[in-house]
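Chemist: what follows is a predicted protein model with its sequence.
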Amino acid sequence: MCGIVGYTGAKAAGELLLGSLELLEHRGYDSVGIACRDSETDEICIQKCVGRVRDLKMVCEANPVHSTCGIGHTRWATHGGVYEKNAHPHQCGKVTIVHNGIVENYRELIEDYNLQGVLRSETDTEVVAALMDVYYEGDAETTIKKVVRKLRGTFALVMMFEDKPGVIYAIRNVSPIVVAKCEDGMMLASDLTALGNFTKEYFVMPEYSILKLEPNTMSIKDMDGNEVEPEMLKLDWKVSELGKNGYPFYMEKEIMEQPNAFYETIKTRIDKGLPNLLGDGVPDSLLTDCKRICIVACGTAMHVGLVTQALVKSVLQMHIDVELASEYMYSDPVIDQDTLVIAVSQSGETVDTLEAVKYAKARGAKCMAVLNVRGSSISRVCDYVLYTEAGPEIAVASTKAYTTQLAVMFMLIAKMAQLRGVMTEEEVKTYIAELQKVPEKMKAILDRRSEIHVIAKEVLESKDLFMIGRGMDYSILLEGSLKLKEVSYIHSEAYASGELKHGPIALITEGIPVVALVTQRKIMSKELSNIKEVKARGANVVLFIKEELGAQLKEDYNVVMLPNLEDKFMVFPAVVALQLLAYYVSSDKGFDVDKPRNLAKVVTVE
Ligand code: M6R
């Protein structure tokens, strides 16, 4: 959480920092600030405010600073409320700092170093700046080492020292920092979206190394002073992928991109109609030898796990657990060498998922990850990584990450089914052929998005909404419900329809909206009975149903017909329809769809 950027070179720093912070706003957007060294006076000038980058731009336009070196930050508040005094950068004496993460022992440090008198904010970050200033005697690297040895927690710290013009220092533990040499200088940021316009090559800063950026050079040294050679990575996102391409919001653009993102994710993994994971470096033995699977993930990625679980059980008849990554290590999980732990994450930086993988690995599990961002922290702790080809996902509400992660999961299951002999080669080919139809079916529902927009208008004013379904439909609705609540602020709950009579049906009253999903033939009649039960109690039912199952129901319900696929694959058109519903409700309500209240795209604090 929190976006960080730093630049030193020949360009106008203020403009560059503000433009980059705009691209990092999905990491936090309650307040924002920059510190630029004035080229004329050599002073470090801090400009910050509560609100968005656009608000800071006005502040900076009114008081321009000519500078070619600076650091910036967009905040997601942890320690201290959303006030200007808590916005970064923080300055104590000769040290100016921005920070992402949490310094857990900041109270002890205040006491031990008697810092109370110098602090003006409520943040843990200012404590680090104050401590740096206590130790600083002109040698930045020695100071950073001394201070960092005293910190407990996670941090990405980026600093400027008053008497070191043109120089930016950084160090990190867990919280990410990516670095690039650009045409006109050196740049760092907390994620790649800020670098995409400036470079095609970057590296991930190694943990506990000190980075020193100067306009034409950079150096990285470990804590013992040895030079560190970073591993250069290619940035394969096109710059055009970073814009909204004419859509009002990234969320809409990303929903619309799904057929292509799905296609890109599966195309290189199919060979002669069969799944092929050789390019991913996954050995067959990994998939044949494991006795159980455990998926660890958060939020939408965890919902990918739930759909995968339904599929693994029906196709492979294998034991599979899906664990909330944030609960994993506190729940005494069963892990052994026969367990394949699969972490699912768009960003690859979600700290709960990262910690869960480290925990499992330390106990002997084989760890695999399904990720979107190359070089991310989770990629570096896992034994195997399968990448999705979603391209940058900027909207806080995850959409194309979900469908591309599932694309990988469907592939993985096909490969396991083939290797374990639970499907014949012909059956696997039929399964893959059905998977190849998914982009066209997603496109079909996207082409009919105006129908979903009409339904969105009907639920716009609701305070509460329920979603009901059974089996895989229930798993899909958990994602649909999360999407709706996070972007529209409507209280939405997904229930397994069979559970309604055990309590939740007490909440069904006249006119309450209920979204029902029916895509699985074998449980259809039971699902329809449950829908009748809520209808009989006055619910205003909207039915999303697979076309071939719902032909006769058009008269009785407000119906959205979902393009036909074999039942197992219906998750794809169904979730796209639910994403559109959430999107239209939010945009029609006039909300900032891409930046929902209190949320951030990348969750790097526990
Ligand atoms: O980057 P990750 O996939 O690990 O992120 C996990 C969740 O934080 C994320 O899916 C979150 O739930 C989204 N806001 C949902 O739209």
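Modeler: Ah, there it is.
Chemist: for the nearest residue to residue 398 once chain neighbours are set aside, give me its contacts.
Modeler: Once flanking residues are discounted, residue 398 sits nearest to residue 300: 4.1 Å by C-beta to C-beta, 6 or more residues apart in numbering. (Each C-beta comes from the backbone N, C-alpha and C, glycine too.) Contact analysis of residue 300 by C-beta atoms under 8 Å, 6 or more residues apart in numbering lists 346, 398, 401, 402, 479, 482, 483.
Chemist: neighbours of the one residue in the stretch 351-500 of the chain that gets nearest to the ligand, how many?
Modeler: In the stretch 351-500 of the chain, the residue that lies nearest the ligand is residue 398 (3.7 Å; C-beta to the nearest ligand atom). Per other C-beta atoms under 10 Å, the neighbour tally for residue 398 reads 27.
Chemist: for residue 211, same thing?
Modeler: Residue 211 has 25 neighbours, counted by other C-beta under 10 Å.
Chemist: quick one: what helix or strand has it in it?
Modeler: Assigned by DSSP states H and E, residue 211 belongs to strand 209-213.
Chemist: roughly how far out does that strand sit from the chain middle?
Modeler: Here strand 209-213 is found 27 Å from its chain centre; the criterion is C-alpha atoms, centre = their mean, to the nearest Å.
Chemist: quick one: contacts of it?
Modeler: 6, 8, 140-141, 144-145, 167-171, 177, 179, 186-188, 205, 218-223, 228.
Chemist: buried ones among those?
Modeler: Listed as buried from the contacts of strand 209-213 are 6, 8, 140, 144-145, 167-171, 177, 179, 186-188, 205, 218, 220; burial here means 16 or more other C-beta atoms under 10 Å.
Chemist: which residues of the stretch 251-400 of the chain lie near the ligand?
Modeler: 298, 299, 300, 301, 345, 346, 347, 350, 353, 396, 397, 398 (C-beta under 6 Å from any ligand atom).
Chemist: just give the closest residue to the residue in the stretch 501-606 of the chain that the ligand sits nearest to, not the sequence neighbours.
Modeler: With C-beta to the nearest ligand atom, the shortest gap between the stretch 501-606 of the chain and the ligand falls at residue 603, namely 4.8 Å. Once flanking residues are discounted, residue 603 sits nearest to residue 350: 5.2 Å by C-beta to C-beta, 6+ apart.
Chemist: which residues touch that neighbour?
Modeler: 297, 298, 301, 325, 378, 602, 603, 604.
Chemist: can you list the residues of the stretch 101-250 of the chain near the ligand?
Modeler: On the criterion C-beta under 6 Å from any ligand atom, the ligand has no neighbours in the stretch 101-250 of the chain.
Chemist: tell me the domain ranges of this protein?
Modeler: The chain breaks down by automatic domain parsing into domains covering 3-235, 251-436, 442-590.
Chemist: in CSV: those domains, plus mean pLDDT.
Modeler: Shown next, in CSV, are the domains of the chain (pLDDT from 0 to 100):
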stretch, mean pLDDT
domain 3-235, 95
domain 251-436, 96
domain 442-590, 95
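Chemist: can you lay out those domains as CSV showing distance to residue 241?
Modeler: Shown next, in CSV, are the domains of the chain (distance: least, C-beta to C-beta, whole Å):
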stretch, distance to residue 241
domain 3-235, 8
domain 251-436, 5
domain 442-590, 18
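Chemist: any idea which of the ones you listed gets closest to residue 597?
Modeler: Residue 597 sits nearest to domain 442-590 of all the domains of the chain, at 7.0 Å, using C-beta to C-beta.
Chemist: so what's residue 310 up against?
Modeler: 471, 472, 475.
Chemist: same thing with residue 14?
Modeler: Counted by C-beta under 8 Å, 6+ apart, residue 14 has contacts 34, 36, 60, 64, 65, 67, 70.
Chemist: equivalent analysis for residue 291, please.
Modeler: By C-beta under 8 Å, 6+ apart, the contact list for residue 291 reads 318, 319, 338, 339.
Chemist: helices along the stretch 301-450 of the chain, start to end?
Modeler: 325-328, 351-362, 377-381, 400-419, 425-436, 438-447, 449-459 (DSSP state H, counting those that start in this stretch).
Chemist: equivalent analysis for the stretch 101-250 of the chain, please.
Modeler: For the stretch 101-250 of the chain, the helices defined by DSSP H, counting those that start in this stretch cover 106-112, 124-135, 140-148, 250-256.
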